[in-house]
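Visitor: sharing a model prediction with you, sequence too.
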Amino acid sequence: PASADGLTTIATSNVSVFASGFSFPLLAPGSTVVFDGYDSAGSGIYSAAAGQKQQHTAKIVSTSSSEFTSLASAATSAGGTVFLGTGNGSSMGVYFAAHDQPGNLVPVVVTGGEQGFTSVSNPSVDAENHIAFEGKVGNSSGLYFVAHPSARPKLVVDSSAKFPDGKGRLCFEFPSVISQGTGVVFFSSNCGSHEATLRNRNRMCRSRRSVDHAIQDEALNLDAGIFFTTSGGSEKVSTIADFQTPPPDAVNGNETFVAFSRPVPGEEYIAFIGETTDRLGIFAYHIETGKLVVVADTYHTLVPGVTGKTHFGDFPNPPSVSGTKIAFYAEAPEALSGVYMLDVAEAKLEPVVTMIDNPGKAGGGALTYLGFGANAFDGEKIAFYAVTSIDGIFVADVPSSNAATN
């Protein structure tokens, strides 16, 4: 990678295997960058160490050199990367690759095997290589927890589970393992009796990437929320936030949540996008105390460094979490859209990279697009996708006053 003024170029579309562009990158603790790259022959998942000179980009897997016909849903942490791979004959599986052995794939669970899974999706992994995913066995859907990549999956919540208040059946998505494998946090709406009719991905809260935002259909008066279950298999579900949860720093006495993104856990906080009757915001739940706080919103939060009262306009992608620090993409006027970071412990909000900055120092040209999402921040650096005169994956240092201290 090339480096310039605290910014490192990880990969660009000048390289033939990335000629068709990239996905949003991930950043594991220890500054291992993981990203999807595309060319005319297909796609691949790659990794690179952002903090090392002369570090080459390693291929984890690609469709052009494996039995996989498609790759999706990559997630990463300190130990390695998990992804969803589909092969010939529609076989599908969750696979794991350690960072120090990127081409050595461990099958975590594969459809059609002895465990009877007919579908799997949305895998996640924590620093100790605990894995969670959605799976279906027969007609029963569930969230599963895996103690290590070679362990047998354990059901933690199934499709018969109900909301904690007993009203309605959970229709869950996007499971993520809590640090140290203590539990699984997930988004859920109310399935009611017609699960398929409640899924309307065209009606999300103001997002360019709707798959990451909450499933909501006001005509059906769906309930939805962010929930938690332990990894011990008790199937007891607790509420982190739902439509009955009072939003913190309420705008008025009647304000309620109406939609959520998928949750993103860290060591101390679980963060998510929440839409209320009065605002859109990034919210964070403190795991130890159960307190819900505002990270940034479209009503209270002012864009730092701007004269006058200028508010953020949108938060289109889920945030990233490390310790007490939460990084997120926010839309703002005057080319100030970009990645911002709040240290909850210090209540200090700072920009990291915005559209007014110039990653072109490492890639060529002015910024025309900047993409940043979940699991792309390790407390010291962020990884992001940018378009200048070329497409590229970049890593930037966070402001020195806000570097990781945990």
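Guide: That came in fine, so what should we check first? Bear in mind the structure is a predicted one, so any value in this text is a computation, not a measurement.

Visitor: CA atoms only for the one helix or strand Ala296 maps to - export them in CSV, please.
Guide: Assessed by DSSP states H and E, Ala296 sits inside strand 292-297. Taking C-alpha atoms only, strand 292-297 is exported to CSV below (Å, rounded to 0.1, in the frame of the first residue of the first chain):
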residue,chain,number,x,y,z
LEU,A,292,-29.3,4.3,25.6
VAL,A,293,-27.5,7.4,24.4
VAL,A,294,-27.6,9.6,21.3
VAL,A,295,-24.4,9.6,19.2
ALA,A,296,-25.6,12.0,16.6
ASP,A,297,-29.0,12.9,15.1
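
Visitor: show me what the helix or strand following that strand is packed up against.
Guide: Downstream of strand 292-297, the first helix or strand assigned by DSSP H and E is strand 320-322. Applying 3 or more C-beta pairs under 8 Å, 6 or more residues apart in numbering; DSSP states H and E, we find strand 320-322 packed against strand 264-265, strand 269-276, strand 325-330. (Each C-beta comes from the backbone N, C-alpha and C, glycine too.)

Visitor: how about 7 Å then?
Guide: strand 264-265 (3 or more C-beta pairs under 7 Å, 6 or more residues apart in numbering; DSSP states H and E).

Visitor: residues touching the strand it packs on, excluding its own?
Guide: Here strand 264-265 makes contact (C-beta atoms under 7 Å, 6 or more residues apart in numbering) with 176, 178-179, 185, 271-272, 318-321, 374-375.

Visitor: cool, stretch 276-291 as well?
Guide: For stretch 276-291, using C-beta under 7 Å, 6+ apart, the contacting residues are 205-206, 240-241, 247-248, 251-252, 255-258, 268-274, 292-299, 314-315, 319, 326, 328, 344.

Visitor: start to end distance for it?
Guide: 18 Å (C-alpha to C-alpha, to the nearest Å).

Visitor: hmm, back to that, list of residues touching the strand holding Ala296?
Guide: Under C-beta under 7 Å, 6+ apart, the answer for strand 292-297 is 241, 248-249, 271, 279-285, 300, 312, 326, 328, 330, 340, 342, 344, 349.

Visitor: try stretch 150-169
Guide: By C-beta under 7 Å, 6+ apart, stretch 150-169 touches 106, 109, 115, 135, 140-146, 170, 172, 184, 190-192, 223, 229, 231, 233, 235, 237-239.

Visitor: repeat that for stretch 329-338.
Guide: Residues contacting stretch 329-338 (C-beta under 7 Å, 6+ apart): 296, 303, 306, 310, 312-317, 339-340, 351, 353-356, 370, 372.

Visitor: list the buried residues of that stretch.
Guide: For stretch 329-338, burial by neighbour count (16 or more other C-beta atoms under 10 Å) applies to 329-332, 336-338.

Visitor: of all these, which two lie farthest apart?
Guide: Tyr329 and Leu336 (11.7 Å; C-beta to C-beta).

Visitor: flag the shaky bits of the stretch 301-406 of the chain, pLDDT-wise.
Guide: Residue ranges of the stretch 301-406 of the chain with pLDDT under 70: 358-365, 401-406.
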